[in-house]
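Visitor: The following comprises the amino acid sequence and a computationally predicted model.
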Amino acid sequence: MINVLIVDDQKHIRDGLQAMLGQFPLELGDIHSAGNGVEALQSLHRFNIQLVITDIRMPDMDGLALMARAREERLKAEFLIISGYGDFAYAQQAIGLGAKGYLLKPVKREDLQASIEHALQEIRTRQELSRNIKRISRRARETDRKELCMFMQGAANGDEWIGQVEGQNRELWDGYRLCLFREEMRINQPGAGGAHSIESIAYQVYGRKGCIGLQHRPHLILAVDASVDPEALLAALQAERIGAVAAITGPKRGLKELPDSYTQVMELYRHSYLFPDKRCILPADIEGLEQQWQIPYEELYALFQLVGTKNGGRIAEGISAVFHKNVLQRYHVRYTQQLSRAIVQMLEEYERVIRPYMGEEALDIECLRNLYDYPGIRDYIQALQQQLLRLNQFYYEFKCSYRNSQDLNEAIRFIHENYHKPLDLAMVSNHVSLNYAYFSNLFKKNIGKGFAEYLRDVRLDKARRLLAETEHKIVEVAAMVGYESYKSFIRAFRDAMGMQPTEYRQRVRQNEVREDSYRDSAL
């Protein structure tokens, strides 16, 4: 949409022109008006105006002076001039100042519409050309940035290319630092920004010539003027409430040092995980770190010996002790990486043992392989504790299940060997050394029926075999299968089989006779 400003010292002319514009079939935006050049200049500063329709002769500041000031201040607006016959010489001057046309008073409707359509076409053409130039310029800058980024990360480039790039911004490359920013995501934090917000603030601090964005993902990396104190940028970020950890190299000179600078800033970035309370990591912060160490395997073995017990609290404490900041901050970050790999390997070995028994359950060991996937070392330690505690729970349940199955097998064996004796739940639970209530619940959960029902079924199964295969009296059978009371045996047998023991024996014998007769006839 094109916004228009009408400038004339006579109100009725301004109103008439505005009424005409409202009737034209043109895509116009806002229409503003002013009584002289001074008011018009204020409107040009205040509003985004693309086309000015102005009279020449006006008090305070005439149309020519308005055009001259707009040109001087580089205000991007096109002008159409309105003049009388006697002002033709002034109109020629206006054309010389860049006016797109002039109209004679009284203004005719068709002339105004044609002039505006012509001006609008030029405005749109210029806007499209400007957009194309910006796109080309942006693509060129992006191409240059990608080439610089690739060179920074180790891609080869010749001396000619290096000299050409240095020449485009020699002041910066004569003294620069690399800055890497790892943004801290904070929920519901007003004003929280991203890499582009940080880069924008950096340009405000260093200026366009003193800052170049080299990489946006996965982390923002900037080359900035080394003569400016890095604290200035950190203070600006803090003022905008943008939480970020910065890794900043020492001063560098020359584009050829860029790959080594990148190696150094990445080294600083990795060490930022060891110092979660520092907002900025500088080379001096890691100069004194020890380069020789031994992984505390004995402590790790002792820690994993607790797996499968009810010592979850001690396991969590053990992980915290192994990854204590006073220990980690003594050594190069490679120590922390090797320590995490050692624990992940032990987790894998323990999981491999019980994996067949875990069903669909599983540990998420993959999430522990790279500590830099986490916002900080504290988050990594928390994830490690969580997976180790899950392993502990799986192992504990596995050991309980294994132990319970042994106990149940022994209990069932004992029942089958002693069913004919006075037997109750207390005797069996004592035999396997389990708590009475716990054994009762465990038995029912795993066998599918209570102890009394299971013992009854074992005894009655033995009784049916004795009734079918022997000539023992019913009272003898009752005693032989563990019933002290004949009546209790009769009642239990009738409830389970739906008939008396004598009736059951008769039916079995009759079936045997029929089967014998059938076999004899078949022969």
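Guide: Nice, I can see it.

Visitor: Residue 435 contacts residue 429, correct?
Guide: Yes: if you go by Cβ atoms under 8 Å, residue 435 and residue 429 touch, sitting 7.0 Å apart. For the C-beta atoms, the positions are set from N, CA and C on the backbone; glycine is no exception.

Visitor: higher neighbour count, these two?
Guide: A direct count of neighbours by other Cβ atoms under 10 Å for residue 435 and residue 429 places residue 429 higher, at 21 against 10.

Visitor: is it fair to say that one lies in a helix?
Guide: Yes: under DSSP: H, G, I helix; E, B strand; the rest coil, residue 429 sits within a helix.

Visitor: Please report the distance of it from residue 388.
Guide: 34 Å (Cβ to Cβ, to the nearest Å).

Visitor: And for residue 239?
Guide: From residue 239 to residue 388 the distance is 42 Å (Cβ to Cβ).

Visitor: Which one of those two is surrounded by more residues?
Guide: Each of residue 239 and residue 388 has its neighbours counted (other Cβ under 10 Å); residue 388 has more, 25 against 10.

Visitor: Go ahead and confirm that one touches residue 346.
Guide: No: with contact defined as Cβ under 8 Å, residue 388 does not count as touching residue 346 (9.3 Å).

Visitor: thinking residue 64 is in contact with residue 57, fair?
Guide: No: with contact defined as Cβ under 8 Å, residue 64 does not reach residue 57; the gap is 9.4 Å.

Visitor: Neighbour count for these two, which is higher?
Guide: In terms of neighbours (other Cβ under 10 Å), residue 64 is the more surrounded of residue 64 and residue 57; the figures are 22 against 15.

Visitor: helix or strand for the more buried one, which one?
Guide: Element membership for residue 64 (DSSP states H and E) is helix 63-72.

Visitor: Can you name every helix or strand that that helix contacts?
Guide: Here helix 63-72 touches helix 37-46, strand 51-55, strand 78-83, helix 88-96, going by 3 or more Cβ pairs under 8 Å, 6 or more residues apart in numbering; DSSP states H and E.

Visitor: what angle separates the second one from helix 37-46?
Guide: When you say that, I think you mean strand 51-55. Orientation check (axes from the mean of the first three to the mean of the last three Cα atoms, to 10 degrees): strand 51-55 against helix 37-46 gives 180 degrees.

Visitor: Am I right that residue 58 is in contact with residue 37?
Guide: Yes: with contact defined as Cβ under 8 Å, residue 58 counts as touching residue 37 (6.1 Å).

Visitor: Return the residues in contact with residue 51.
Guide: 2, 3, 4, 5, 77, 78, 79, 80, 116, 119, 120, 123 (Cβ atoms under 8 Å, 6 or more residues apart in numbering).

Visitor: These into JSON lines, with extra columns for pLDDT, distance to residue 460 and neighbour count?
Guide: Formatted as JSON lines, these follow (pLDDT from 0 to 100; distance: Cβ to Cβ, whole Å; neighbours: other Cβ atoms under 10 Å):
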{"residue": "2", "pLDDT": "82", "distance to residue 460": "101", "neighbour count": "19"}
{"residue": "3", "pLDDT": "90", "distance to residue 460": "100", "neighbour count": "16"}
{"residue": "4", "pLDDT": "91", "distance to residue 460": "105", "neighbour count": "24"}
{"residue": "5", "pLDDT": "93", "distance to residue 460": "107", "neighbour count": "22"}
{"residue": "77", "pLDDT": "87", "distance to residue 460": "107", "neighbour count": "19"}
{"residue": "78", "pLDDT": "87", "distance to residue 460": "108", "neighbour count": "20"}
{"residue": "79", "pLDDT": "89", "distance to residue 460": "113", "neighbour count": "25"}
{"residue": "80", "pLDDT": "86", "distance to residue 460": "113", "neighbour count": "22"}
{"residue": "116", "pLDDT": "83", "distance to residue 460": "108", "neighbour count": "23"}
{"residue": "119", "pLDDT": "83", "distance to residue 460": "109", "neighbour count": "22"}
{"residue": "120", "pLDDT": "85", "distance to residue 460": "104", "neighbour count": "19"}
{"residue": "123", "pLDDT": "82", "distance to residue 460": "104", "neighbour count": "17"}
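
Visitor: rewinding a little: wait, which of the helices and strands packed on helix 63-72 is closest to residue 270?
Guide: Among those, the nearest to residue 270 by Cβ to Cβ is helix 37-46 (50.7 Å).

Visitor: what separates that closest one from the chain centre, distance-wise?
Guide: In terms of Cα atoms, centre = their mean, to the nearest Å, the centre of helix 37-46 is found 50 Å from the chain centre.

Visitor: Stretch 269-278 now?
Guide: 20 Å.

Visitor: Would you mind measuring the gap between the ends of it?
Guide: 12 Å (Cα to Cα, to the nearest Å).

Visitor: Flag every buried residue along that stretch.
Guide: Buried positions in stretch 269-278, judged by neighbour count with 16 or more other Cβ atoms under 10 Å: 269, 270, 271, 272, 273, 274, 275.

Visitor: now swap in stretch 110-119 and tell me
Guide: Here stretch 110-119 shows 112, 113, 115, 116, 119 as buried, counting by 16+ other Cβ under 10 Å.

Visitor: Next step: these restricted to strands.
Guide: Counting by DSSP state E, no part of the buried residues of stretch 110-119 is found in strands.

Visitor: so which of those would you say is closest to residue 209?
Guide: residue 119 (37.3 Å).

Visitor: that older thread, looking at the helices and strands packed on helix 63-72, which is closest to residue 440?
Guide: Of those, the one closest to residue 440 (Cβ to Cβ) turns out to be helix 37-46, at 87.6 Å.

Visitor: What average pLDDT does the closest one get?
Guide: Mean pLDDT, helix 37-46: 92.

Visitor: One more: stretch 132-149?
Guide: Stretch 132-149 comes out at a mean pLDDT of 72.
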